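1. Need the 3D shape of this:
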Amino acid sequence: MELKDPLGELWAADISENVKRLKVFLEKDKPPYFATVGDYVTSNILEAGIHPEIAVVDHKIMRRDVDPIEFKCDHESVDNPPGTITAESQRALYGALEHTNGFRLVADGEEDLLVLPLMAYLPEGSVIVYGQPREGMVVITLTEEKKVWARDFMASMQDA
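-> This is a model prediction of the structure:
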């Protein structure tokens, strides 16, 4: 699986339609964790009154600076240059599981690849949403197979 291909199910509707669909999906499935990656999907999801346990942002949309999203929960900033997954980012996301009132990670650099440690660390059945530019949003429901794939992919990145 290539990273440019969606890592889950691509919902190719307008963002407002996708968020309405997501609200119904989350109410029905009640995942153990719900996480978002990316400023665009995160801000739209928050505006709809849906609060992910974990949100990962970088204050950019399609590489352009945007106003920071205001969070009323625990948050941490980490250095995560484009095309990387730093050990600091991985530690912060692993630690996010300990926060009971929500956790926001602000990546200084780029957050795109941070969907991989979320896939590796969150329990099976968890849902991760990220944006697929100009196409829609991707909804990943974690299975053991997807968790193993993410761990293997991150290991192959370290070996490169």
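2. element containing the nearest residue to residue 127 once chain neighbours are set aside?
-> Distances taken as Cβ to Cβ, 6 or more residues apart in numbering put residue 31 closest to residue 127, at 4.4 Å, once the chain neighbours are dropped. The way it works is simple: take the backbone N, C-alpha and C, and place the C-beta from them, glycine included. According to DSSP states H and E, residue 31 maps onto no helix or strand at all.
3. Next, count neighbours for residue 31.
-> The number of residues packed near residue 31 is 18, by other Cβ atoms under 10 Å.
4. Give me the residues contacting stretch 43-50.
-> With Cβ atoms under 8 Å, 6 or more residues apart in numbering as the test, stretch 43-50 has contacts from 15-16, 19-20, 22-23, 26, 34, 36, 52, 55, 69, 129.
5. looking at this, residue 107 is in a strand?
-> Yes - counting by DSSP: H, G, I helix; E, B strand; the rest coil, residue 107 falls inside a strand.
6. I'd guessed it sits against residue 80; true?
-> Yes - judged on Cβ atoms under 8 Å, residue 107 makes contact with residue 80 at a distance of 4.1 Å.
7. Please enumerate the shared neighbours of these two.
-> Common neighbours of residue 107 and residue 80 (Cβ under 8 Å, 6+ apart) are 58, 89, 114.
8. ok, the second one - contacts?
-> Residue 89 is in contact with 78-80, 105, 107, 114, 117, counting by Cβ under 8 Å, 6+ apart.
9. On the pLDDT front, check it for me.
-> Looking at residue 89, its pLDDT reads 95.
10. before we move on, what about the last one?
-> Note on residue 114: pLDDT of 96.
11. List the contacts of residue 98.
-> So residue 98 contacts nothing (Cβ under 8 Å, 6+ apart).
12. So it: helix, strand or coil?
-> coil.
13. now it: how far from residue 74?
-> In this view, residue 98 and residue 74 are 9 Å apart by Cβ to Cβ, to the nearest Å.
14. Likewise for residue 102?
-> Taking Cβ to Cβ, one finds residue 102 at 7 Å from residue 74.
15. can you give me the helices for the protein?
-> With helices called from DSSP state H, the chain shows them at 15-29, 39-47, 87-96, 115-121, 144-159.
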